[in-house]
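Student: I would like the atomic coordinates for the input below:
(one chain, ligands or ions: 1)
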Amino acid sequence: MCGIVGYIGYREAYPIIIKGLQRLEYRGYDSAGIALYDGKNINLSKTKGKVVDLQKRAEQEISLKGYIGIGHTRWATHGVPNDVNSHPHYSNSEDLVVIHNGIIENYAPLKKELQSKGYVFTSDTDTEVLINLIEYVQKNENLKLGKAVQLALTQVVGAYAIAVFDKKKPNEVIAARMGSPLAIGVGEDKKEFFIASDASPFIEYTKNAIYLEDGEIAVIRVGKDIKLRKIADDTLLDPFIQALELNLEQIEKGGYEHFMLKEIHEQPNAIIDTYRGRMLVNEGIIRMAGIDNHLERFLNADRIIIVACGTSWHAALVAEYVIESLARIPVEVEYASEFRYRNPIITSKDVVIAISQSGETADTRAAIQLAKQKGAFVFGVCNVVGSTISRESDAGAYTHAGPEIGVASTKAFTTQITVLILIALKLAKAKGSISNDEYFTHLQELERIPAKVAEALTSDENIKTIAAIYKDSPNFLYLGRGFNFPVALEGALKLKEISYIHAEGYPAAEMKHGPIALIDEKMPIVVIATKKGHYEKVVSNIEEIKARSGKIIAIVTKGDVDVKALADHVIEVPDTLELLSPLLTTIPLQLLSYHIAVMRNCNVDQPRNLAKSVTVE
Ligand code: G6P
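Tutor: This next block holds a predicted model:
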């Protein structure tokens, strides 16, 4: 939710900030703004719309000179997306300027108090309240900027990652974090510093980064060490500089029209990266330090609870089927947002797995905090290295999918499933709940999956043809059973997210209890009907749809003839073990939603109203 970028150093700040905002646009993109300090004045430009709109406007209306600047790309919380509500926000004196990602929950009483002291507000945002609170504290207590920001933040309830600049003290920028991510890039010899929601805006300038922890504030000055403190008690901290592994190529489109398409096609390699070094097929070993070091916790667990949101929640559902079937440990899957507020029964004998691509989702974070308070063991499955959930978990495993920039999650999903299959196999082996043969068969087949994903991707042209036929349908139904029921949910979600077509995912047999009423000759129904598992049952479901003239798009195992005879369209995927089939059946559903969205002229990588990383409740 919202991306922030700041620069202080010896280079022109404008191009760095604009490029940085473009890279962070996946976080929010309803408006954007920039403030640059030219050595004398702050020049500020902001607008409703995307970063390209900001660029056009800024280039016309302000001087682009300056070695210090801050920029913002917004996902609206308080106040509609318009020019005035866009960031950066000035204080009343226009000496101070701020960018903010998060929500100040107690902004209303603070605003009232400031109004009673004569402060005037032009926007509807909580952020304008924050910058004026800082100004008020600075003036009233006669404090340096860093101290004023710190003191003001002690009065604030909510989440923030902020950068503040004061034109009266133009040699420094203050950054602080509570609940929203914030990284500081440290340039060579401390000649320049970068502030950003993630490291992508500064990756070509430095590989050294400090990730602020919740409740920390940093005073950043060129040529000086960063002064890092705890906001609450002023403790001076030693900043930990981390070496980044990210490279520029990973965050660029690499010849693809959209990030989403690139990420769909990256899946064969992403899955290999997920199991590389972990799965030693010939030796029959799965190495995962996060599990190895805590094996007893898992084996003695009364149950595993998996918490997640969105696509990660669908991966959790697949994991429920996989873990229960292989390791015979009871699994419950929870929406993190529900779990955190429903006073769940959790004991110290529970293992809680949190799945999160970004590792920053607010509800998932809150769910693991609750689980930890109740004594459960928390295991994080995250993609973003160094992310908050990965740090706050007791142990974990990264998916190693590489940066996922398209807002609709693709490779994160398949790599999450891969990690969870590895965990299930490892636990099953340790428990002796599957035979040695079964164990080896799964390892060998998992190793073949990347090549099979690559084969599934070759159905692209066929899928495009089907997309062209159904792109204007107002509704879609997705059906699957067993391991492929969550895939049906994920297929429907992908379509909704990027093409704005209403779609529902359902367990195929459950169709009879409601959705069947929707079926007529106009209704496209995507049915996952791969061999094995409940094939015959799904074929019966297809017959039921056919009897009501629904249009059937079936995902079938290569060479299938029975479903082919019934369906209007078939998309083939290679044969595999039933338990691994979600890794293949997902692929055509991603491509179908992608092509439909492109044909409907939708913004595939930045769908309306969505954000990649939801750091607010
Ligand atoms: C947002 C994204 C989804 C994602 C969900 C959970 O809604 O748009 O793609 O699945 O958040 O995110 P996480 O980073 O926790 O997996």
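
Student: residue in the chain nearest to the ligand?
Tutor: Nearest residue of the chain to the ligand: G310, at 2.7 Å (C-beta to the nearest ligand atom). Every C-beta, even on glycine, is put in place using the N, C-alpha and C of the backbone.

Student: Next up, the contacts around that residue.
Tutor: With contact set as C-beta atoms under 8 Å, 6 or more residues apart in numbering, G310 has these partners: T361, S409, L493, V614.

Student: Can stretch 335-353 be said to contact the ligand?
Tutor: No: if you take C-beta under 6 Å from any ligand atom as the test, stretch 335-353 misses the ligand, and the best it gets is 8.1 Å.

Student: what about that stretch, how long is it end to end?
Tutor: 12 Å (C-alpha to C-alpha, to the nearest Å).

Student: circling back: contacts with the ligand among the contacts of G310, please.
Tutor: T361, S409, V614.

Student: Isn't the first one up against V614?
Tutor: Yes: between T361 and V614 there is a contact at 5.4 Å, judged by C-beta atoms under 8 Å.

Student: Could you check which of these two has the larger neighbour count?
Tutor: T361 (28 against 19; other C-beta atoms under 10 Å).

Student: Spit out the contact partners of that one.
Tutor: Counting by C-beta under 8 Å, 6+ apart, T361 makes contact with C309, G310, S312, A336, I389, S613, V614, T615.

Student: Near the fourth one, how many other residues are there?
Tutor: If you count neighbours by other C-beta under 10 Å, A336 ends up with 27.

Student: Show the backbone phi and psi for it.
Tutor: Its backbone dihedrals place A336 at phi -60, psi -40, with angles given as degrees, to the nearest 10.

Student: before we move on, what about K227?
Tutor: The phi/psi pair for K227 (degrees, to the nearest 10) is phi -90, psi 110.

Student: Enumerate the residues of this protein near the ligand.
Tutor: Counting by C-beta under 6 Å from any ligand atom, the positions of the chain adjacent to the ligand are 309-312, 356-358, 361, 364, 407-409, 610, 612-614.

Student: Turn the contacts of G310 into a markdown table, columns for pLDDT, secondary structure and distance to L228.
Tutor: Putting the contacts of G310 into a markdown table (pLDDT from 0 to 100; DSSP: H, G, I helix; E, B strand; the rest coil; distance: C-beta to C-beta, whole Å) gives the following:
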| residue | pLDDT | secondary structure | distance to L228 |
| --- | --- | --- | --- |
| T361 | 93 | coil | 25 |
| S409 | 97 | coil | 33 |
| L493 | 98 | helix | 40 |
| V614 | 82 | coil | 27 |
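
Student: And these, which two are furthest apart?
Tutor: The span of these, defined through C-beta to C-beta, is set by T361 and L493 at 15.3 Å.

Student: could you dump the ones next to the ligand among the contacts of G310 to TSV with distance to D575?
Tutor: Below are the ones next to the ligand among the contacts of G310 laid out as TSV (distance: C-beta to C-beta, whole Å):
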residue	distance to D575
T361	35
S409	26
V614	37
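
Student: how far does the helix or strand bottoming out on mean pLDDT in the chain sit from the chain's center?
Tutor: Least confident element among the helices and strands of the chain, by mean pLDDT, DSSP states H and E: helix 535-547 (a mean of 88). Here helix 535-547 shows a centroid-to-chain-centroid distance of 36 Å under the convention C-alpha atoms, centre = their mean, to the nearest Å.

Student: Name every strand pairing with the next helix-or-strand element following it and say which way it goes.
Tutor: Heading C-terminal from helix 535-547, the first helix or strand you meet, by DSSP states H and E, is strand 551-557. Counting by DSSP bridges, the strands paired with strand 551-557 are strand 524-529 (parallel), strand 569-573 (parallel).

Student: quick one: strand 551-557 to helix 535-547, angle?
Tutor: 160 degrees (axes from the mean of the first three to the mean of the last three C-alpha atoms, to 10 degrees).

Student: ok, back up a step: nearest to A424, of the ones next to the ligand among the contacts of G310?
Tutor: S409 (21.0 Å).

Student: Helix, strand, or coil at the closest residue in space to the closest one that isn't next to it in sequence?
Tutor: If the residues on either side of it in the chain are set aside, S409 comes closest to T311, at 3.9 Å by C-beta to C-beta, 6 or more residues apart in numbering. Secondary structure, DSSP: H, G, I helix; E, B strand; the rest coil: T311 is helix.

Student: I'm done for today, thanks for sticking with me.
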